[in-house]
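S.K.: okay, sequence plus prediction incoming.
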Amino acid sequence: MIQGTGGDQAVSADSIEKLQAARENILSQLGKVIVGQQEVVDELLISIFSRGHCLLEGVPGLAKTLMISTLARTMSLSFSRIQFTPDLMPADITGTEVIEEQPGGGLQRRFMEGPLFANVVLADEINRTPPKTQAALLEAMQERQVTVGRVRHPLSDPFFVLATQNPIEQEGTYPLPEAQQDRFMFKVLVDYPSFDEELEVARRTTARLETQVDPILSGQEILQLQDLVRSVPIADHVIRYALAIVRQTRIGTEGVPEFVSDQIGWGAGPRAVQFLVLGGKARALLHGRTFVNVEDIQALCRPVLRHRLVVTFAAESDGITTDDVIARLIAETPTNEDELTRDARFQKIFAS
């Protein structure tokens, strides 16, 4: 077990070793079923240990559902898959109250839990369901509870929502509003496998192969690790670097680069900084460090920011993506604290 759950606990070398060992064992167990996608798995682990949710985008057939269900098994967590469709109603995912007749006579009201009452919930093709049902998921993600008939029902802990989107088919979909996208810590892009990886996929899926995935962590250990992540120290200059990246996306404020004003129609809010810092702490622990550095922030800028920035129509028509804007921001933002604080443009950004 990972020792200590208090908010001011020390991050011991023993805790880091156990976390690293857990990561390696989880990757090993996933490797029995999933070929490649290590970066995706790492970002999922960072999100889980930060108490965040993930939005996955990838074409069909990339084993997103299999990856998540297998990950849930390695962590001894309950798993639920919801296929989002246009006719899905809020009660279909939250649960509903029913009136039952008792054996001795009389009626009794009972709450029947919906599929949201699991540790890991896969919201498959979330943009195919109407906004009313998407809004029901919003309360669950933010408050970790559902309200049915004026009664609040707490959800399982740990609780992690993983939603998928198909980037190809957009006809007949309901794009997620910015407020709901902002609830997701990461937007993770699941790409095609390399040639060697796809070769191995073809071998495994066309042969007689039975795999047994062993549990690595318990739910209680995951909760302890989530508390441990918040205890990782982070220097003020690293937080200022995260602020510098995020605040440069807010058009209309002083110090914002000209290319951002031309290419971005809307920037990221304070939740982006919070997730950069929290994710940096989790990433530092997973890499065996007791402190967060600038490289941790840089590595997480794309998954944290890509769904929080809206490119302009002109930029989109030129083939510019949010990842392109983020890459340029990283390249043009000084990592040295002295350079960052002395630069007149960043003095304006920090003063605004």
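M.R.: Sure thing, it's come through. Residues are numbered from 1 along each chain as shown.
S.K.: domain parsing for this protein?
M.R.: Split into domains by automatic domain parsing, the chain comes to 13-224, 232-351.
S.K.: could you dump those into TSV with mean pLDDT added?
M.R.: TSV is the format used below for these (pLDDT from 0 to 100):
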stretch	mean pLDDT
domain 13-224	83
domain 232-351	89
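S.K.: redo those domains as TSV? Include mean neighbour count.
M.R.: Every C-beta, even on glycine, is put in place using the N, C-alpha and C of the backbone. TSV is the format used below for the domains of the chain (neighbours: other Cβ atoms under 10 Å):
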stretch	mean neighbour count
domain 13-224	17
domain 232-351	18
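S.K.: OK, contacts around the residue nearest in space to the middle of the chain?
M.R.: When the chain is reduced to its mean C-alpha position, the closest residue under Cα atoms, centre = their mean turns out to be Cys54, at 2.7 Å. Taking Cβ atoms under 8 Å, 6 or more residues apart in numbering as the criterion, Cys54 is in contact with Glu43, Leu44, Ser47, Phe160, Val161, Leu162, Ala163, Phe184, Met185, Phe186, Lys187, Val188.
S.K.: need the next SSE after the helix or strand where the last one lies, C-terminal direction.
M.R.: Think Val188. Applying DSSP states H and E as the criterion places Val188 in strand 186-189. Sequence-wise, the next helix or strand downstream of strand 186-189 (DSSP H and E) is helix 195-205.
S.K.: circling back: beta partners of the residue nearest to the centre of the chain?
M.R.: On DSSP bridges, the residues paired with Cys54 through beta bridges are Leu162, Phe186.
S.K.: OK, contacts around the nearest residue to Asp343 once chain neighbours are set aside?
M.R.: Nearest residue to Asp343, sequence neighbours excluded (Cβ to Cβ, 6 or more residues apart in numbering): Pro334, at 6.4 Å. By Cβ under 8 Å, 6+ apart, Pro334 lies in contact with Leu340, Asp343, Phe346.
S.K.: from the chain's centroid, how far away is the helix or strand harbouring Val304?
M.R.: Here Val304 sits within helix 294-305, counting by DSSP H and E. Relative to the centre of its chain, helix 294-305 is centred 13 Å away, using Cα atoms, centre = their mean, to the nearest Å.
S.K.: and it, C-alpha only, in CSV?
M.R.: Extracted in CSV, the C-alpha atoms of helix 294-305 (Å, rounded to 0.1, in the frame of the first residue of the first chain):
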residue,chain,number,x,y,z
VAL,A,294,9.2,22.9,-17.2
GLU,A,295,9.5,19.8,-19.4
ASP,A,296,6.5,18.3,-17.5
ILE,A,297,4.4,21.3,-18.4
GLN,A,298,5.5,21.3,-22.0
ALA,A,299,4.7,17.6,-22.4
LEU,A,300,1.1,18.2,-21.3
CYS,A,301,0.3,21.4,-23.1
ARG,A,302,-1.2,19.7,-26.1
PRO,A,303,-3.6,17.3,-24.3
VAL,A,304,-4.6,20.0,-21.9
LEU,A,305,-5.1,22.9,-24.3
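S.K.: I appreciate the help and will end here.
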